[in-house]
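[1] Compute the structure for the input listed below.
(2 chains)
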Amino acid sequence: MSISTYGHVNEQELKNHATKERRILLGLTYPAVFCVITVMVIPVAWLFYLSFIGSDGNFSLEHYQRMLDSKSYARIFLMTFKVSLLTTVICICIGYPLAYFLSQLPARVANICMLSVLLPFWTSLLVRTYSWLVLLQRKGIINQAGMDMGFWDEPLKLVHNLSGTLIGMVHIMLPFLILPLYASMKSIPQDYMKASSNLGATPTQSFWQVFFPLSLPGLMAGSLIVFILSLGFFVTPAILGGGKVIMVAMQITNNIELFYDWGAASALGVVLLVMTFGILFIASKLVRLDNVLGGGH
Amino acid sequence: MNWFKKSASETQITHGQRLWLYITASTIMFLLVVPTLIVIPMSFSASQYLEFPPKDWSFRWYESYFSSNAWMSATATSLKAGLFTMLVATPIGVIASYGLHVSSHRAARLVYMLLITPIMIPVILIGIGSFYIYVQIGLVNTMFGLVVAHTILALPLVLIVVTSAFKSFDMGQEQAARSLGASRFTAFMTVTLPQIRFSVITAALLAFLTSFDEVIVAMFISGGDNATLTKNMFNALRDQIDPTIASISTIMIIVSTTLVIITQIFGKGKGVK
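    Alright, predicted model coming up:
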């Protein structure tokens, strides 16, 4: 046996060994994969199936048909989009200046100021929704203070409506916008700003022509997270909306808890899921999703 | 007033010109923090109508919380579920993350995407989906079912935190240990794990908080003796403003703040962004 054939066999063996090892290492993910498949993949596939089963037990598109026909469903989807879009836009208007401010601070001060974003981020959303309910109610602090200072005479209706929902949602979503945006602003080299100023740009020009475009990927990533999370939101509109703000997730719950109508609930769920993935897919063409997934938490 | 004329950045803009930014940013920071913490002073109010500042102080809402069997049992459920979720999600998340990092298998990227999906899809789907399946196999209102569902919600966070730790870790060290005769397991336990421990602790605490704060899935699949604190709070909030919730909220804020402080101390700035 010549050395070359021996070497060949050895090489083949090594290759087999490497393949086997890759497979074993991938096997380390099985417990996690098993959980995700049992509690997420199978149930969601089941909902998908249920959404196509009519009341007579056969294949039917009736749930989807009803969604197209019914005015109330159209209203719910419209409301969901409206709330999500408004939340995102308000978050951008409020979050951008704060992220910019934080990015300009010296590291130590920035870390302290950052706590103002992290503290609400880590606090239960139920607790924060409750706080807003207390603050905004008829006899709440804001109404009291406003009347004491003479801004308005009658208690304003601040909660159990759209504005209350938006206030609560913006407060909850703001950290999700600020954190990725801040990270992307921090990665903009200071030299670029110096260079543009050296070339004669005023601070305003440097900001709009150099800094702002470079911060756009972070802004996109943050807005995307806020929008996607808002689409499926449930707790805050349910408590602060007072029944006037019905979003898709709430209608799904109603269909199950009140009417026990799994078909309708599933169909709504499927549409919500398709919308979410559709937006993620379009967004993945515009921004790198890795940034989004790494920056959110 | 020299500070106003001082340059705030290298582009010659002065602090004075940036005053509007400082005012705006301070207002926003105020609006982020104060509504989060306002329930703390209010929880000590003696009145039924949570005023601020409270006219009379009392512990009556804490008494009403601690003397209620329903709230106490819900708190115990939430703590247990959080602890078990942490103990399940952390190890399986860490080994999955390790497997994906070292295996160059073609499917690795796909598996990563699958394990990350639970934070991308609307939670309500996991809520009703798991409810539907649990009804068939009798897992509704059980601690086991709750922990499994919370585990998949916590997995993506564990995976993101730990994977980013692996990415900044020099795997050559583990290879060196193995070439010196250590098995892969020994090398991982004695060389790699100790060096990524801060990320693992952060991931574990995130897993705990994910479960402890979770409302929607718990709303569907927890109940009876195993109803969680958040489920009961949510139901109470839909009906009326019960000031007991203020005392519970205060305790929840203390729990999460303590956890953040722990991660900051352990992480030494390496905590999650």
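[2] OK, contacts around B:Gly93?
    Residues near B:Gly93 by C-beta atoms under 8 Å, 6 or more residues apart in numbering or on different chains: A:Ala32, B:Ala154, B:Leu155, B:Val158, B:Leu159, B:Val162, B:Ala203, B:Ala207. Backbone N, C-alpha and C define where each C-beta goes, glycine included.
[3] same check, this time on A:Gly54
    When contacts are taken as C-beta under 8 Å, 6+ apart, A:Gly54 is in contact with A:Ser60, A:Glu62, A:His63, A:Gly263.
[4] what does the stretch 151-273 of chain B put close to chain A?
    Residues of the stretch 151-273 of chain B found near chain A (C-beta under 8 Å from any C-beta of the partner chain) are B:151-152, B:155, B:157, B:159-161, B:164, B:206, B:209, B:212-213, B:215-216, B:219, B:230, B:233-234, B:237-238, B:241, B:245-246, B:249, B:252-253, B:256-257, B:259-260, B:269, B:272-273.
[5] from those, which would you call buried?
    Taking 16 or more other C-beta atoms under 10 Å in any protein chain shown as the criterion, what is buried in those is B:151-152, B:155, B:157, B:159-161, B:164, B:206, B:209, B:212-213, B:215-216, B:219, B:230, B:233-234, B:237, B:241, B:245-246, B:249, B:252-253, B:256-257, B:259-260, B:272-273.
[6] Distance check, A:Gln104 against chain B.
    Look at A:Gln104 and chain B: by C-beta to the nearest C-beta, to the nearest Å, they are 6 Å apart.
[7] I'd say that residue and B:His15 touch.
    No - with contact defined as C-beta atoms under 8 Å, A:Gln104 does not reach B:His15; the gap is 10.8 Å.
[8] which residues are contacting the lowest-mean-pLDDT helix or strand in chain B?
    Here the helix or strand of chain B ranked lowest by mean pLDDT, DSSP states H and E is helix B:2-5, holding a mean of 73. Helix B:2-5 is contacted by residues B:Thr14, B:His15, B:Gly16, B:Leu19 when judged by C-beta under 8 Å, 6+ apart.
[9] same question, stretch B:110-126
    Residues outside stretch B:110-126 that contact it (C-beta under 8 Å, 6+ apart): A:26, A:29, A:32-33, A:36, A:39-41, A:43-44, A:47, A:228, A:231-232, A:234, A:249, A:252-253, A:269, A:272-273, A:276-277, A:280, A:293, A:296-297, B:96, B:100, B:149, B:152-153, B:155-157, B:159-160, B:163, B:216-217.
[10] Show the end-to-end separation of that stretch, please.
    20 Å (C-alpha to C-alpha, to the nearest Å).
[11] Not counting sequence-adjacent ones, nearest residue to B:Thr250?
    Setting aside the residues directly before and after it, B:Thr250 is nearest to B:Ser43 in space (C-beta to C-beta, 6 or more residues apart in numbering or on different chains), at 4.6 Å.
[12] tell me which element the closest residue to B:Ser97 other than its chain neighbours falls in.
    Spatially, and ignoring its direct neighbours in sequence, B:Ser97 is nearest to B:Val162 (4.2 Å; C-beta to C-beta, 6+ apart). Following DSSP states H and E, one finds B:Val162 within helix B:143-167.
[13] helices or strands next to the following helix or strand past that helix in the packing?
    Using DSSP H and E, the helix or strand that directly follows helix B:143-167 along the chain is helix B:172-179. Applying 3 or more C-beta pairs under 8 Å, 6 or more residues apart in numbering or on different chains; DSSP states H and E, one finds that helix B:172-179 contacts helix B:184-187.
[14] Does the residue nearest to the spatial centre of chain B lie in a helix or a strand, and which?
    For chain B, B:Leu209 is the residue whose C-alpha lies nearest the centre (C-alpha atoms, centre = their mean; 3.2 Å). Element membership for B:Leu209, per DSSP H and E: helix B:197-213.
[15] and A:Leu214, how many neighbours?
    By other C-beta atoms under 10 Å in any protein chain shown, the residues close to A:Leu214 number 16.
[16] Name the nearest residue to A:Gln251, sequence neighbours excluded.
    According to C-beta to C-beta, 6+ apart, the nearest residue to A:Gln251 is A:Ile76 (5.2 Å).
[17] pLDDT score assigned to the one you found?
    At A:Ile76, the model reports a pLDDT of 93.
[18] I'd assumed A:Asn254 was in contact with it.
    No - applying C-beta under 8 Å, one finds A:Ile76 not in contact with A:Asn254, separated by 10.0 Å.
[19] Comparing the two, which residue is more hemmed in?
    Set A:Ile76 next to A:Asn254 and count neighbours by other C-beta under 10 Å: A:Ile76 wins out with 22 against 16.
[20] Report the separation between the more buried one and A:Phe281.
    According to C-beta to C-beta, to the nearest Å, A:Ile76 and A:Phe281 sit 23 Å apart.
[21] show me what contacts the closest residue to A:Phe59 other than its chain neighbours?
    The shortest distance from A:Phe59 to any non-neighbouring residue, by C-beta to C-beta, 6+ apart, is to A:Phe52 (5.7 Å). Residues in contact with A:Phe52, defined by C-beta under 8 Å, 6+ apart, are A:Phe59, A:Ser60, A:Leu61, A:His63.
[22] Just the mean pLDDT for the longest helix along chain B, thanks.
    Longest helix of chain B, by residue count under DSSP state H: helix B:69-102. Mean per-residue pLDDT for helix B:69-102: 94.
[23] Stretch B:229-243 now?
    Mean predicted confidence for stretch B:229-243 is 84.
[24] for stretch B:253-263, same thing?
    85.
[25] Worst mean pLDDT across the helices and strands of chain A, which element?
    Scanning chain A with mean pLDDT, DSSP H and E, the lowest is helix A:289-295, at a mean of 51.
[26] What residues of the longest helix of chain B count as buried?
    B:71, B:73-75, B:77-82, B:84-86, B:88-90, B:92-102.
[27] Now do that helix: distance to the chain's middle.
    Remark: helix B:69-102 is offset 11 Å from the chain centroid, using C-alpha atoms, centre = their mean, to the nearest Å.
[28] Next secondary structure after the regular element (helix or strand) spanning A:Leu126?
    A:Leu126 is part of helix A:125-136, with elements assigned from DSSP H and E. The first helix or strand that comes after helix A:125-136 along the chain, using DSSP H and E, is helix A:141-148.
[29] after that following helix, next one along is what?
    Downstream of helix A:141-148 (by DSSP H and E), the next one is helix A:162-186.
[30] Kindly indicate whether A:Met220 is helix, strand or coil.
    Assigned by DSSP: H, G, I helix; E, B strand; the rest coil, the conformation of A:Met220 is helix.
[31] how about it, what does it touch?
    Taking C-beta under 8 Å, 6+ apart as the test, what A:Met220 contacts is A:Ala283, A:Leu286, A:Val287.
[32] could you redo the last one with a cut-off of 7 Å?
    By C-beta atoms under 7 Å, 6 or more residues apart in numbering or on different chains, the contact set of A:Met220 is A:Leu286, A:Val287.
[33] same deal with the one 10 residues further on?
    A:Ser230 is in contact with A:Val83, A:Ser84, A:Thr87, A:Thr88, A:Met169, A:Met173, counting by C-beta under 7 Å, 6+ apart.
[34] just to revisit the earlier point, what is the neighbour count of the residue nearest to B:Ser97?
    Count around B:Val162 with other C-beta under 10 Å applied: 25.
[35] Tell me which helix or strand the nearest residue to A:Met247 once chain neighbours are set aside sits in.
    Spatial nearest neighbour of A:Met247, excluding adjacent residues (C-beta to C-beta, 6+ apart): A:Thr80 at 4.6 Å. A:Thr80 is located in helix A:71-104, with elements delineated by DSSP H and E.
[36] Perfect, I'm done here.
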